[in-house]
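Asks: Give me a model of this one.
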Amino acid sequence: QVQLTDSGGGLVQAGGSLRLSCAASGPSFSRYAVAWFRQPPGKEREFVAVITRSGEIVYAESVKDRFAISRDNDKKSVYLQMNSLKPEDTAVYSCAAKSTILTVPPQRGVEAYNIWGQGTQVTVSS
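Replies: Numbers count the residues shown, from 1 in each chain. Below is the predicted model of the structure:
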């Protein structure tokens with residue numbers, strides 16, 4: 001199975017942008033659905049966005065129209081472009097993956113994924 005390494009976090013002012021990357025190693029990356037989750041300080045992990053192996057995309061309402069998820073199977077990578085960042089976007093962001101069949105719909109639950117990156121800190125100052 002694949003292993004995931006996420007990167008791209010940092011400190012940014014409100015209104016700014018960051019691009020997170022989730023790089024996979026291992027075979028058959030194109031068969032995996034990949035999602036981004038985040039865990040704000042003192043809170044539980046929450047869903048951000050997912051892209052299925054067929055390219056179907058779902059966003060959390062809180063990031064819709066500000067964030068964009070994409071994948072490049074040739075580079076075995078998934079990206080999260082985050083624009084118009086707000087202080088409430090501050091969190092540790094982690095990518096997660098699950099090998100699926102083609103017809104599985106987008107999954108929002110933490111329990112749907114069995115492979116996780118190590119997380120990258122995003123801090124948005126006001």
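
Asks: Would you mark the buried spots in stretch 117-126?
Replies: Residues of stretch 117-126 classed as buried under the neighbour-count rule (16 or more other Cβ atoms under 10 Å) are 117, 119-120, 122-124. The way it works is simple: take the backbone N, C-alpha and C, and place the C-beta from them, glycine included.

Asks: now for the residues you listed, which pair is the farthest apart?
Replies: 117 and 124 (20.0 Å; Cβ to Cβ).

Asks: Tell me the one of the buried residues of stretch 117-126 nearest residue 87?
Replies: For those, the nearest to residue 87 is residue 124 (5.0 Å; Cβ to Cβ).

Asks: dump the residue contacts of that closest one.
Replies: For residue 124, the contacting residues are 12-14, 16, 85-90, by Cβ atoms under 8 Å, 6 or more residues apart in numbering.

Asks: Report the central residue of the protein.
Replies: Nearest to the geometric centre of the chain sits residue 36, at 2.1 Å (Cα atoms, centre = their mean).
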